[in-house]
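Visitor: Attaching a predicted model along with its sequence, questions to come.
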Amino acid sequence: MYGKNESSIREVMKNKEKIRASFSVAPQTAKVTAIARGKVLMKVENILNFWVEDMNRKGLPLFITLYYYFI
C-alpha cells in the first residue's frame with residue numbers, strides 16, 4: 001500500500017487525530033522555508049551521486065578512492 005509497510009500505514013491511521021492535533025498547535029508565525037538551489041549545485045550533486053554509485057557497483061571503498069585521488 002503506497003509503497004510503504006502496511007503496519008506503518010496502520011500506525012499513522014490509528015494516530016491521525018494526534019498527528020493533526022500536533023500540527024494545529026504550531027504557532028502562526030511558523031513557516032515552511034524553501035531553499036533555493038542553483039542549477040550548478042544540482043548538477044554537481046547529480047555527478048557526485050553518479051560517481052558514488054559507480055564506486056559502489058565496482059566494489060571500491062570511497063575513502064580509499066578519495067585518499068588516492070587527493071594525494
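Guide: The structure has been received and is ready for your questions.

Visitor: Which other helices and strands does the longest helix anywhere in the chain contact?
Guide: Ordering each helix of the chain by length in residues (DSSP state H) puts helix 39-58 first. Counting contacts by 3 or more Cβ pairs under 8 Å, 6 or more residues apart in numbering; DSSP states H and E, helix 39-58 packs against helix 62-69. C-betas here are computed from N, CA, C, even on glycine.

Visitor: got any ranges where this structure has weak pLDDT?
Guide: 1-2, 25-36, 65-71 (pLDDT under 70).

Visitor: So what's the gap between the helix or strand encompassing Ser22 and the chain middle?
Guide: Per DSSP states H and E, Ser22 falls inside helix 16-24. Counting by Cα atoms, centre = their mean, to the nearest Å, helix 16-24 is centred 23 Å from the centre of its parent chain.
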